[in-house]
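**Q** The sequence and its predicted three-dimensional model are supplied below.
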Amino acid sequence: MLKDLTKISCLKDNVDKNVTIGGWVYHSRPGGKVIFLVVRDGSGLCQCIIEKTAVQEELFRQLAHLGMESSLTLTGTVRADSRSIGGYELAVTDAKVLCESTDYPITPKSHGIDFLLKNRHLHLRSQMPWCIGKIRHTLVNAIRQFFNDNGFTLIDTPIITGIVGEEAGSLFNVDYFGMPAFLTQTGQLHLECSALSFGKVYCFGPTFRAEKSKTRRHLTEFWMVEPEVAFAELPDLLEIAENFVSFIVKEVLEKNEAELKTLGADIESLKKITPPFYRLTYTHAVEILTSQKTQDFLASQLNEFKAQKQEIENKINALETEAKGQIKQWRQDKIATELIDLRSDLSEIETKIENNPKHAKLASQFQWGKDLGGSDETIISLMHDKPIFVTHYPRDAKAFYMKQDPDNPKTVQNFDMLAPAGFGEIIGGSIREDIYDKLLVRINEQGYKLENYQWYLDLRRYGSVPHGGFGLGVERTLAWFTGEKHIRQCIAFPRMMDKILI
RNA sequence: UCCCCGAUAGCUCAAUCGGUAGAGCGAGCGGCUGUUAACCGCUAGGUCGUAGGUUCGAGCCCUACUCGGGGAGCCA
């Protein structure tokens, strides 16, 4: 069966030939003498034309009544037609229905997020999840390719672990034959061992955080890639990170331009993502945040938001006035749909207007020593058109293993990479403390049990070298590339706080 | 844990001052040779999230709860 089928993505190579495709009804527009069936097969969409005179009468009747997501095979001649989606269509001569679907829950009209998540097992067939899935595939491949081509060795770090990376206690507990264990929140500590064996290593897999964060940037299970490099100093890491991010952007742009367009991604901004990225110290970032320039920037943003709000309100008023007049029913419907969209835009812009002064206040009152908050990152991110490295955070705000900066002992040699245009943190990383005595002090300061870290200290006892690494979140990166607002759309089966679907 | 918003047909949303519950999509039937979220006609579809309260009368007002969305903290 499979061998007899032609993939829709290959129709362009089969013009004027007779082929059979197998797929699902994505959209149906039955007419009296001609039926338009848009069929998807996992490789693309194809409009199939069934003329009443070209097929048997009973088959025509059956095809005219096919519900969305009915599965079938269709045989016919491929022809180029600019009116068809994808530019090619199938003039059907025969078809075989495998499964007739009726009452498919997901309709061509808009749905709420709750409904779509409850129907995730079916929603996965829709265009948006499909496009994101194809881009994710490219992204994951590009990530592996970059590290494989640059001398890194893949290390599969454990998912069940007894060690805790950072002090955060928000880990999932596992009852491991009566012993306490956790689902991993990072492969870093295992990678440090590995880096002292292989030199350059990386791990790539799921990671788990039991943080009670219900936002569009959080998942409890997400995928992270973490390189770790021996003999590396901070500038080395930044260079690897910017080359890495530039490479994966380039790959996605090359291989998924059509999907990016369908999703409405900002392709022009993505094309700007090339080395070098901006470099900013934490101290400099604080100066920016508390500067008049930032206050002016936020004030101008506020004005822009207000202007946008006014514009949306004007549109709403105009449509409401029009709807009150004597107009055709179809126009009424169209107005109703537009109003729903506009009201949703309006509510979003109102939130921004409400938050702007709060963020401005937070930024202006920012004190050296605190970790950068989400809104602070967003402000820095909005002020740049390329990714920004923020380096040298205060030692007290960061994890115990980060290496102290010799030039300013109050800071550590770490970095976050912020995606531009308000997307925020995509990467977090650091040089690790490689001096035995200093690490010992940090472990004691944190009040950690020394016996749990003897093995970690061993790495500093036997052939310690400067080393470091970083972690990049796959779903956040994907959200940034695609312009998707919710991170949960960027994984096939999202796991969120208080919610496991299938 | 805290703050804000919401819950009306399978889905997305209306319902003016508290006064008989509405529309589109989807489903079913019929019509239409080129449709692009097609269009036109007809049909079916409701315990207004749950429990109380105020009132002659509650989808609308009040209280509590449940569920969902957005945000803070934390983070990739």
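**A** Looks like it came in fine. Residues are numbered from 1 along each chain as shown, chains lettered A, B, ... in the order given.

**Q** Not counting residues beside it along the chain, what's closest to A:N256?
**A** A:I135 (4.7 Å; C-beta to C-beta, 6 or more residues apart in numbering). Any C-beta I mention is one placed from the backbone N, CA and C, and that applies to glycine too.

**Q** What's the local residue count around the residue lying closest to A:A54 once chain neighbours are set aside?
**A** Distances taken as C-beta to C-beta, 6+ apart put A:T93 closest to A:A54, at 5.7 Å, once the chain neighbours are dropped. Using other C-beta atoms under 10 Å, A:T93 has 15 neighbouring residues.

**Q** Can you tell me the SS state at A:T93?
**A** strand (DSSP: H, G, I helix; E, B strand; the rest coil).

**Q** Would you check that it makes contact with A:V78?
**A** No: using C-beta atoms under 8 Å, A:T93 is not in contact with A:V78, being 11.8 Å away.

**Q** before we move on, the earlier item: roughly how far does the residue nearest to A:A54 sit from RNA strand B?
**A** Remark: distance between A:T93 and RNA strand B (C-beta to the nearest atom of the strand, to the nearest Å) = 13 Å.

**Q** which residues touch that residue?
**A** A:T93 sits next to A:18, A:54-55, A:75-77 when contact means C-beta atoms under 8 Å, 6 or more residues apart in numbering.

**Q** Pretty sure A:V474 sits against A:F222.
**A** Yes: using C-beta under 8 Å, A:V474 makes contact with A:F222 at a distance of 6.8 Å.

**Q** Please say which of the two ends up with more neighbours.
**A** A:V474 (23 against 20).

**Q** What is the burial count for A:S213?
**A** 13.

**Q** can you tell me how far it sits from A:L418?
**A** 18 Å (C-beta to C-beta, to the nearest Å).

**Q** Secondary structure class of the closest residue to A:Q489 other than its chain neighbours, three-state.
**A** With sequence-adjacent residues excluded and distances taken as C-beta to C-beta, 6+ apart, A:Q489 is closest to A:I132, at 6.0 Å. Under three-state DSSP, the three-state class of A:I132 is helix.

**Q** so what's A:I132 scoring on pLDDT?
**A** pLDDT recorded at A:I132 is 94.

**Q** can you check A:D4 too?
**A** For A:D4, the model assigns a pLDDT of 91.

**Q** swap in A:Y462?
**A** pLDDT, read off for A:Y462, is 97.

**Q** returning to that earlier point: what's the overlap in contacts for A:V474 and A:F222?
**A** A:I491.

**Q** What residues are bridge-paired with the residue nearest to A:R395 when sequence neighbours are not counted?
**A** What sits nearest to A:R395 in space, not counting adjacent residues and going by C-beta to C-beta, 6+ apart, is A:V412, at 5.0 Å. Beta-bridge pairing for A:V412 (DSSP bridges): A:Q404.

**Q** my read: A:V412 touches A:Y401, true?
**A** No: between A:V412 and A:Y401 there is no contact under C-beta under 8 Å: 9.3 Å.

**Q** on that earlier part again, for the residue nearest to A:R395, what are its contacts?
**A** Contact analysis of A:V412 by C-beta under 8 Å, 6+ apart lists A:392-395, A:398, A:402-405, A:430-431.

**Q** Output those residues as TSV; include the columns neighbour count, pLDDT and distance to RNA strand B.
**A** Putting these into TSV (neighbours: other C-beta atoms under 10 Å; pLDDT from 0 to 100; distance: C-beta to the nearest atom of the strand, whole Å) gives the following:
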residue	neighbour count	pLDDT	distance to RNA strand B
A:H392	21	95	16
A:Y393	27	94	10
A:P394	17	93	12
A:R395	20	91	13
A:K398	18	89	8
A:M402	21	95	11
A:K403	23	96	16
A:Q404	19	94	18
A:D405	19	94	19
A:S430	23	96	9
A:I431	24	97	15
